[in-house]
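A.B. asks: got a predicted structure here, sequence first:
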Amino acid sequence: YYEHHAPQRSQSCGPHSRYPSSSRGDDYCHQERHRERNYPSHFRKRWRSPDSSSQNVQQNHDGFNRSRRQKGIGKDRQQDTSYERRPLGSINGAEMQRDASHPMTSNGSQRNDNTATLSLGRNGVNNMSSYHQNHHPVDASHHRRPLVSSNGQVRRQAPQFNKINDIPTLIQTAYSSLSAMSMSPSNTAAFWNSLAKQLGRNNQLNLSYDQMGSHINQLFQHTRRTLGSFGMNDLTQTTYSMAKLADLLRKRHSNINHRKDIIASSLSNLLLNDDATININKDLFLSLANESLRKLDQFDARHISNLAYAYALIRLVPVLADGSDLFDHIAMQAIKMRAEFAPQNLSNMVWAYATVKKRHDALFKAMGDEVVAHDHLRDFRPQHLSNTVWAYATAGVNHPQLFEKVANHIDRLGQLTDFKPQELSNIVWAYATAEISHPKLFEKMANHIAGLDHLREFKPQNLSNTVWAYATAGDSHPILFAKIANHIVGLKSLDRFTHPQDVSNTVWAYATAGVNHPQLFDKMAKHIVSLDHLRDFRPQALSNIVWAYATAEISHPKLFEKVSNHIVQLDHLGDFKPQHLSNIVWAYATAGVNHPLLFQKVANHIVRLDRLKDFRPQNLSNTVWAYATTKISDHPKMFQQVAKAAIQRNEEFISQEVANLLWSYATLGIIDKQLFSSFGPIATKLIDNYSNQNLANIAWAYAVADIDAPTLFNGHFINKCLEKKDGFSIENLSQLHQWHLWQTTEKFRTTALPEELQDRCYKAFTSQSLHPSKLQEDVIGQLSSIGLDPKEEVLLNSGYRIDAIVEVKGKTIGVEVDGPSHFIGRSKSQTGSTIMKRRQVSSIDGIELVSVPYWEWDKLGKSQAKKQEYLQQLLGL
């Protein structure tokens, strides 16, 4: 006499972290032609024409310098190296922009694909068009004058490391230069920069060369010894290069054969703790941090953002001797010079702080205010916009004006063709995560994506982040969702969906947005089932997947079996948060999938917890609701712990959670008087918020528990029932009928339903169709065999029906044939409905009831004599 109603769905039913998490880094190159007008006049003076060779320019430049020295010109004057250097650019004038992927972060150790841009020339040098914008440390070693000794002889000039295309030659050349004492700080920085780039291009590290390890070690020690002589540029470039090397080695650690690969092994020993771990060598980077701190007041905006970016690459915040950290000092310096930050400087800076999870409200406010103060954002490239809003959303820093400024700028753009898939997905992800509503922005983004010819350039993460953002923001865009779903369904396979979170976030988004696309859910389920194992799926991903299929009402038994078997086989559930546990059992109960071992595993885990302080009211109510719906109650300790936690936090419960909690205990026949008594005042306070089902469930639960609640069930309750009378289902009306019998006939209360509503409830209660089971027919047949005249399906005055009525020695006895549905699971504990029926039939109709449990009848087998003897003993014949 109740409806299996799913617990109220709230935002927390979705991804616990509120946003997807990831840690991929996909670098891609973007070439751009120089624009001379962006550079200072002294650079333009020395800029060569497109058809002049770099060799001729360098020869003329060197000859000019020798002539000046021979004539004694500028002998006692400090060299103005800014005029002497050639423009910052590569040989062909092209710029290579290392543009790593963007975010999907999360809570905890989750993926972060939002890597800021470093604009590099082919030689690791910024070109002219990016002087004010690009941040990579400059490798200017090949721009410097020839070194001259005291006797006027030209010493050996350092090699141009950027022209060396293989790692062993690069190391050997640097080592030779070190021996020849021609490794200046700039040359040292250039070496590490080239090594980082070469290692980044070389995916197969199986290099075995004699003495390479010794050479690398000596170059490393030389670098550490001479750090004090490094200038701002060299120090930043070295820090970045070593951070990049450490990051690459850490990512490839499991694929490196250290016994064969001397170079990789040596670098790992120097930059990581040792060759058996993948932790960063903090002592090395602390030395670099201390040296940077000494010269921090000399840093300009580009270099200070590069410095922060370098440490963000390795997710390290160096803690200094005085207890402060490097990022504290960088922030203070950056705030002072905030007006000097170009768009890329600014976006890289906030990106770095968000990436290392270093919240600095003053810095974010200063940078955000700087963006808002711009007359326009035309100088901000799509990646700058994307990285900036991603950083604020990830850091959890609220700056509405910034988000409004960026959104309005994008909305005013004629088209979004310059925005890459990663940038599109990250922007809507950021607004959804920051809970910033901007319908025009979301509409423009959705229309752009939906209008594309295809989505082949969208990676799985881009697709999942996009639909996740729209679902989270409550902005369902049917055309966009259809476009993405059709694209995924049209793929030959989902092999590119290598990250479980991409799968889980996608199905979660479609379920949350209420977009029905069975082909998408079927394809995703088959992909999961086909996997060899689910070890890569985190608890949140498992939880979101089964939650999505249950919410979308899409049945896929093999998927649920795969997930449950995986969870059952785990050693423990320590990594599962309360929301994961409650969502999982809720999903199985909602989908009608009964898996006793899974429910036993979850219950045992909850019982082992000292207390349930981390369980929110929704987690508590959803958990017991799932066990009640699947009729699993053989975990009394778990129900005791949940009841205790619920009583302690009862004022935090909302109406849906109160109704679900009380209904669950009543359904399982677990009468916890303290629980029902403590929730009486809470239920009374929330009565105006109850739905039809809430009202009926609460009334029915108190009737089953037989615990009086006069302050709850009064005239106000009756008025609420009358207000909602047209919205009650047959199940709800049946529940109210049983409550009415309890109030008026058992408790003799004057609070009663109006006659019209009473009649509707009675008709609903008695209108249930009759379907006698084979067990019931067998029992009644045996009653007739022993000389009794049983009357079947007798309707009593109370409205209940009895399976059979017999007269025994002048006494009317009701015989109830109790099949499995009258008990909790396979146990011998009666359901709350059965308990209340027995009580009310006895007290209202005055009929004694006897029960024939199915398990006792089954033991008798097919023996007619045993069955008849059993009934005679039961009836006292």
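C.D. replies: Received the coordinates, thanks. Numbering: from 1, shown residues only.
A.B. asks: so for stretch 665-682, mean pLDDT?
C.D. replies: Stretch 665-682 comes out with an average pLDDT of 95.
A.B. asks: export it to CSV, keeping only CA atoms.
C.D. replies: Taking Å, rounded to 0.1, in the frame of the first residue of the first chain, the C-alpha atoms of stretch 665-682 are listed here in CSV:
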residue,chain,number,x,y,z
TYR,A,665,11.9,2.2,8.7
ALA,A,666,8.2,1.5,8.7
THR,A,667,8.4,-0.5,5.5
LEU,A,668,11.0,-2.8,7.0
GLY,A,669,9.0,-3.2,10.2
ILE,A,670,11.9,-1.6,12.2
ILE,A,671,10.0,0.4,14.9
ASP,A,672,12.5,2.8,16.5
LYS,A,673,10.4,4.7,18.9
GLN,A,674,13.1,7.3,19.6
LEU,A,675,13.5,8.0,15.9
PHE,A,676,9.8,8.5,15.2
SER,A,677,9.3,10.6,18.4
SER,A,678,12.3,12.9,17.6
PHE,A,679,11.1,13.5,14.0
GLY,A,680,7.5,14.3,15.0
PRO,A,681,8.3,18.1,15.6
ILE,A,682,10.5,18.2,12.5
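A.B. asks: give the buried residues for that stretch.
C.D. replies: Within stretch 665-682, the residues scored as buried using 16 or more other C-beta atoms under 10 Å are Y665, A666, T667, L668, G669, I670, D672, L675, F676, F679, G680, I682. For glycine as for every other residue, the C-beta is placed from the backbone atoms N, C-alpha and C.
A.B. asks: next: stretch 435-446.
C.D. replies: Under 16+ other C-beta under 10 Å, the buried positions of stretch 435-446 are I436, H438, L441, F442, K444, M445, A446.
A.B. asks: could you export these as JSON lines, including pLDDT and secondary structure?
C.D. replies: As requested, the buried residues of stretch 435-446 are arranged in JSON lines below (pLDDT from 0 to 100; DSSP: H, G, I helix; E, B strand; the rest coil):
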{"residue": "I436", "pLDDT": "95", "secondary structure": "coil"}
{"residue": "H438", "pLDDT": "96", "secondary structure": "coil"}
{"residue": "L441", "pLDDT": "97", "secondary structure": "helix"}
{"residue": "F442", "pLDDT": "97", "secondary structure": "helix"}
{"residue": "K444", "pLDDT": "97", "secondary structure": "helix"}
{"residue": "M445", "pLDDT": "97", "secondary structure": "helix"}
{"residue": "A446", "pLDDT": "97", "secondary structure": "helix"}
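A.B. asks: in the buried residues of stretch 665-682, find the pair that's most separated.
C.D. replies: Using C-beta to C-beta, the pair of those lying farthest apart is G669 and I682, separated by 22.3 Å.
A.B. asks: ok, Y431 touching P400?
C.D. replies: No - Y431 lies out of contact with P400 (C-beta atoms under 8 Å); the separation is 11.1 Å.
A.B. asks: please say which of those two ends up with more neighbours.
C.D. replies: When Y431 and P400 are compared for neighbours, Y431 comes out ahead with 24 against 11, by other C-beta atoms under 10 Å.
A.B. asks: please, which helix or strand holds the more buried one?
C.D. replies: Using DSSP states H and E, Y431 sits within helix 421-433.
A.B. asks: CA atoms of that helix as PDB?
C.D. replies: Provided in PDB are the C-alpha atoms of helix 421-433 (Å, rounded to 0.1, in the frame of the first residue of the first chain):
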ATOM      1  CA  PRO A 421      37.000  22.600 -28.800                       C
ATOM      2  CA  GLN A 422      39.000  22.600 -25.500                       C
ATOM      3  CA  GLU A 423      38.400  26.300 -25.100                       C
ATOM      4  CA  LEU A 424      34.700  26.100 -25.800                       C
ATOM      5  CA  SER A 425      34.200  23.200 -23.400                       C
ATOM      6  CA  ASN A 426      36.300  24.900 -20.700                       C
ATOM      7  CA  ILE A 427      34.500  28.100 -20.800                       C
ATOM      8  CA  VAL A 428      31.000  26.700 -20.300                       C
ATOM      9  CA  TRP A 429      32.500  24.300 -17.700                       C
ATOM     10  CA  ALA A 430      33.900  27.300 -15.800                       C
ATOM     11  CA  TYR A 431      30.600  29.200 -15.800                       C
ATOM     12  CA  ALA A 432      28.700  26.100 -14.700                       C
ATOM     13  CA  THR A 433      31.200  25.300 -11.900                       C
END
